[in-house]
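*Asks:* Provide a 3D model corresponding to the input given below.
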Amino acid sequence: MRKFLLVSALVSILVPSGWARADSASAISGKMEDLPSGEAIYRHICQSCHMPDGQGAVGAGAQIPALAHNSHLQVASYPATVILNGYGAMPWFAGLLNDKQIADVVDYIRTHFGNNYKDKLKPSEVALMRPHLTAEEQ
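*Replies:* Numbers count the residues shown, from 1 in each chain. Next up, the predicted model:
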């Protein structure tokens with residue numbers, strides 16, 4: 001009986017840990033063709049976590065980083081890569097947003113919320129960073 005309880009306890013500990021992937025980014029798929037600007041994309045998708053003022057948030061076991069006054073945005077490829085591939089609790093949007101939309105939202109967050117990075121990200125640069133998606137991921 002003792003052996004059975006020990007095995008049961010071990011199984012209940014080990015099996016769920018194989019399924020839990022809280023630290024890995026998940027995919028958001030579909031298409032958002034009708035969002036015409038970086039500001040519209042931010043307001044529709046990003047602000048629910050990063051807040052309308054870009055201040056980020058803490059709660060429910062996650063810390064959403066502030067975009068306001070964020071020196072990580074100095075290099076435009078950084079936020080583009082995070083948007084394309086996800087990071088931590090942030091899902092990836094490569095299957096949802098096209099290259100122009102990603103460039104537009106990156107340019108928006110890099111020129112708002114106290115950020116003043118004027119160099120623009122080109123959709124062709126986003127295309128080079130884009131991961132190759134399977135048909136199921138698109």
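*Asks:* Dihedrals phi and psi, W92?
*Replies:* In terms of degrees, to the nearest 10, the main-chain angles of W92 are phi -100, psi 150.
*Asks:* How many residues are close by it?
*Replies:* Using other CB atoms under 10 Å, W92 is surrounded by 22 other residues. To be clear about C-beta, it is placed using only N, CA and C from the backbone, and glycine gets the same treatment.
*Asks:* tally of neighbours for the residue lying closest to it once chain neighbours are set aside?
*Replies:* Beyond its immediate neighbours in the sequence, the residue positioned closest to W92 (CB to CB, 6 or more residues apart in numbering) is G86, lying 3.4 Å away. G86: 18 surrounding residues under other CB under 10 Å.
*Asks:* K120 and K100 touch, don't they?
*Replies:* No - under the criterion of CB atoms under 8 Å, K120 is not in contact with K100, lying 11.6 Å apart.
*Asks:* going on from the helix or strand bottoming out on mean pLDDT in the chain, what's the next piece of helix or strand?
*Replies:* Here the helix or strand of the chain ranked lowest by mean pLDDT, DSSP states H and E is helix 2-19, holding a mean of 39. Secondary structure here is assigned by DSSP states H and E; on that basis, the next helix or strand after helix 2-19 toward the C-terminus is helix 38-41.
*Asks:* what's downstream of that next one, the next helix or strand?
*Replies:* With DSSP H and E setting the assignment, the helix or strand that follows helix 38-41 is helix 47-50.
*Asks:* residues of that next one that come out buried?
*Replies:* Using 16 or more other CB atoms under 10 Å as the burial criterion, the residues of helix 47-50 that qualify are H50.
*Asks:* Now tell me what touches it from outside.
*Replies:* For helix 47-50, the external contacting residues (CB atoms under 8 Å, 6 or more residues apart in numbering) are Y42, G56, A57, I64, P65, A66, L67, M90.
*Asks:* for the record, mean pLDDT for it?
*Replies:* Averaging pLDDT along helix 47-50 gives 93.
*Asks:* next one: stretch 61-79
*Replies:* The predicted model assigns stretch 61-79 a mean pLDDT of 93.
*Asks:* how far is that stretch from where the chain is centred?
*Replies:* Taking the mean of its C-alpha atoms, stretch 61-79 sits 11 Å from the chain's own mean (CA atoms, centre = their mean, to the nearest Å).
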